[in-house]
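A.B. asks: what's the 3D shape of this:
(chains A and B)
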Amino acid sequence: MNIEAIKSIYKAEMHRMKRTLLQSVISPVITTSLYFIVFGTAIGSRIQTVDGVQYGAFITPGLIMLTLLTQCIANGSIGIYFPKFTGTIYEILSAPVAMTEIVVAYVGAAASKGLIIGLIILATASFFVDIRIAHPVMMLVFLVLTAITFSLAGFIIGIWAKNFEQLNIVPMLVVPPLTFLGGSFYSIDMLPPFWQAVSHLNPVLYLVSGFRWSFYEIADVNPLVSLGMIALFLAICLSVTAWMFRTGYRLRS
Amino acid sequence: MPSSTEPTVAPVKDAIVSIRNLTKTYGNGFRALNGVDLDIEKGEILALLGPNGAGKTTMISIVCGLVNPDHGSKVMVGGHDVVRDFRQTRALIGLVPQELTTDQFETVWNTVSFSRGVYGLKPDPARIEQILKDLSLWSKKDNMMRELSGGMKRRVLIAKALSHEPKVLFLDEPTAGVDVTLRRDMWLVVEKLREAGVTIILTTHYIEEAEEIADRVGVINGGKLLLIEDKAALMQKLGSKQLRLELTAPLGAIPASLADLGLSLEDAGRTLVHEYKGGEGEERIGALMAGLSKENIHFRDLSTRQSSLEDIFVALVEKKDDVGKTTAVGMNAGEKA
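C.D. replies: Take a look at the predicted model:
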């Protein structure tokens, strides 16, 4: 195991986050604050509570998930795509580093960034609403597993993408609708039966539901099912990554 | 890459890089390398010459692990297989790529330190400082890469390649687009590395560089190694020399007594030209001088000319083109090679 290589890549990636502090940290915090103002104040004044939880507090887990998914996919994909784009990937591919070590370093860094931002948003939310965390350990388990899974998904996108447009398709066009329609801002009990059934096809529903359960013990689906679904997404991402490495897909001719 | 079709050629003793039956066909069907066999001796400087698309970069990329070889190829570095034992082989190799590929937003110090880390070595600030000083980069250590000139970036790429103390250094067209001073500095560094026992393989379009610095010269074209030869022996074997005598009075024909000496007349008989291969001319010049004196032929000036490696290279590539028309295929079919 080339521990020094993992440390070097991880450090360089985290250093990149420091270089782009405004974009990496400040921007998601401002965006989330805006969500609280718009949804929490404007809509919250009409809805009051959902399943006995104040609306502003109810949407907090969903907002953290929205940012976590977007940030992890964005960081995971740009981390590996940027060296591909500039050509500096040659150095990593010609170094005595196994592909698993490359994944651990890049995905670890992307997940760390996502977690840092997720926790900052949690802290920001506590300024707006009363946050209560019923199961802190499970909250961290959901947070960490989701961060790793979606950073890995971002890594796959970064290897697959041939240009910046492809790089942005998933985080810009796929993640936001899934998150908005995955119960981030409402309980699916509030939907007509047909749309409740459709919502169960949305993977983000399981993430948000499980994560919200760890806060308020209310969930759209059983928390164990949520955990199982995250494990399934992680297994799918790991399988795709393993296939990419075995074939050298878009990395080695 | 173990397989039932493994070549059986035994590696040459003391070869730090051993290549057997190296073939590479890209996904678009372009065959960049076609059965190359090559042994690179420990501590030598080998210059690989060839036109664009000849296969030089593909060969280097395979040895360094950037490109996968075709089934049946075998590449060993330091006695290890580059695919199966990639950790051992890559730890021995430093690569300076052709393109100026750097992280523009990183400092010189950080980018060189990063390289040492990805090769699995613990940080060694003293070593990095020494490398930066050797390459006249110390004053730029805190500069971002984007603030450096092209030549300085090239130096940084060399510093990165040296950061993990490699035993084999690949320089892929290292002097393309650099000024004379940097080129001279670079060759001083190369000379120092050779003294330290580092094996250096360089590809270049500047044949005079190969002539100046290399111990051996290889010529690649159309994915094949046309020759690999000790530079001095190559110059001796394939190089030609020319002695030109400006005569005081024009000659109508070469006298019969001088007919065996390989003479010809130019400028309407006013210039007598004697051509000979390296190593065979000394005694013939004596005979020529004696013969001219005997025939009462006088000259008012003389000049000599020796063919360069470039002449030899051009002759080899053109000969190959005439035979197989392979260059046209190689040059048009893919930039990767």
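
A.B. asks: quick check: B:Ile220 touching B:Lys56?
C.D. replies: Yes. When contacts are counted by C-beta atoms under 8 Å, B:Ile220 is listed as touching B:Lys56 (5.6 Å). For the C-beta atoms, the positions are set from N, CA and C on the backbone; glycine is no exception.

A.B. asks: give the residues shared as contacts by these two.
C.D. replies: B:48, B:50 (C-beta atoms under 8 Å, 6 or more residues apart in numbering or on different chains).

A.B. asks: how many residues are close by residue 178?
C.D. replies: I went with chain A, as the question did not name one. 18 (other C-beta atoms under 10 Å in any protein chain shown).

A.B. asks: not what I meant, chain B
C.D. replies: 19.

A.B. asks: tell me the secondary structure for it?
C.D. replies: Here B:Val178 is recorded as coil under DSSP: H, G, I helix; E, B strand; the rest coil.

A.B. asks: need the pLDDT of the closest residue to B:Gly269 other than its chain neighbours.
C.D. replies: Excluding the flanking residues, the one nearest B:Gly269 by C-beta to C-beta, 6 or more residues apart in numbering or on different chains is B:Pro250, at 3.7 Å. Reported pLDDT at B:Pro250 in the predicted model: 91.

A.B. asks: from the centroid of the chain, which residue is nearest?
C.D. replies: Chain wasn't specified; assuming chain A. A:Leu69 (2.2 Å; C-alpha atoms, centre = their mean).

A.B. asks: try chain B instead
C.D. replies: Most central in chain B (C-alpha atoms, centre = their mean) works out to B:Ala47, at 1.9 Å.

A.B. asks: ok, the helix or strand that contains that residue: who's next to it in the sheet?
C.D. replies: For B:Ala47, the element it lies in under DSSP states H and E is strand B:45-49. Strand B:45-49 has these partner strands in its sheet, going by DSSP bridges: strand B:199-203 (parallel), strand B:216-221 (parallel).

A.B. asks: mean confidence for the first one?
C.D. replies: By that I understand strand B:199-203. For strand B:199-203, mean pLDDT is 92.

A.B. asks: and if you look at stretch B:58-70?
C.D. replies: Here the average pLDDT along stretch B:58-70 is 93.

A.B. asks: just stretch B:119-126 next, same as before
C.D. replies: Here the average pLDDT along stretch B:119-126 is 95.

A.B. asks: ends of it, how far apart?
C.D. replies: In stretch B:119-126, first residue to last residue: 17 Å (C-alpha to C-alpha, to the nearest Å).

A.B. asks: that one and chain A, are they touching?
C.D. replies: Yes. Counting by C-beta under 8 Å from any C-beta of the partner chain, chain A is contacted by stretch B:119-126 at B:119-122.

A.B. asks: burial of the closest residue to chain A within the stretch 101-250 of chain B, as a residue count?
C.D. replies: Closest contact between the stretch 101-250 of chain B and chain A, by C-beta to the nearest C-beta, is at B:Gly117 (2.8 Å). Neighbour count for B:Gly117, taken as other C-beta under 10 Å: 24.

A.B. asks: return the residues in contact with it.
C.D. replies: A:4-5, A:7-9, A:11, B:123.

A.B. asks: which members of those occur in helices, if any?
C.D. replies: Among the contacts of B:Gly117, the ones falling in helices (DSSP state H) are A:4-5, A:7-9, A:11.

A.B. asks: helices of the stretch 1-150 of chain B, residue ranges please.
C.D. replies: In the stretch 1-150 of chain B, the helices defined using DSSP state H, counting those that start in this stretch lie at B:56-64, B:86-92, B:108-118, B:125-134, B:150-162.

A.B. asks: most packed of these?
C.D. replies: helix B:56-64 (a mean of 26; mean count of other C-beta atoms under 10 Å in any protein chain shown).

A.B. asks: TSV for the helices of the stretch 1-150 of chain B, including distance to B:Gln306?
C.D. replies: Below are the helices of the stretch 1-150 of chain B laid out as TSV (distance: least, C-beta to C-beta, whole Å):
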stretch	distance to B:Gln306
helix B:56-64	26
helix B:86-92	38
helix B:108-118	42
helix B:125-134	34
helix B:150-162	31
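
A.B. asks: among the ones you listed, which comes closest to A:Met190?
C.D. replies: helix B:108-118 (50.9 Å; C-beta to C-beta).

A.B. asks: so how far is that closest one from its chain's centroid?
C.D. replies: On the basis of C-alpha atoms, centre = their mean, to the nearest Å, helix B:108-118 sits 28 Å off its chain's mean C-alpha point.
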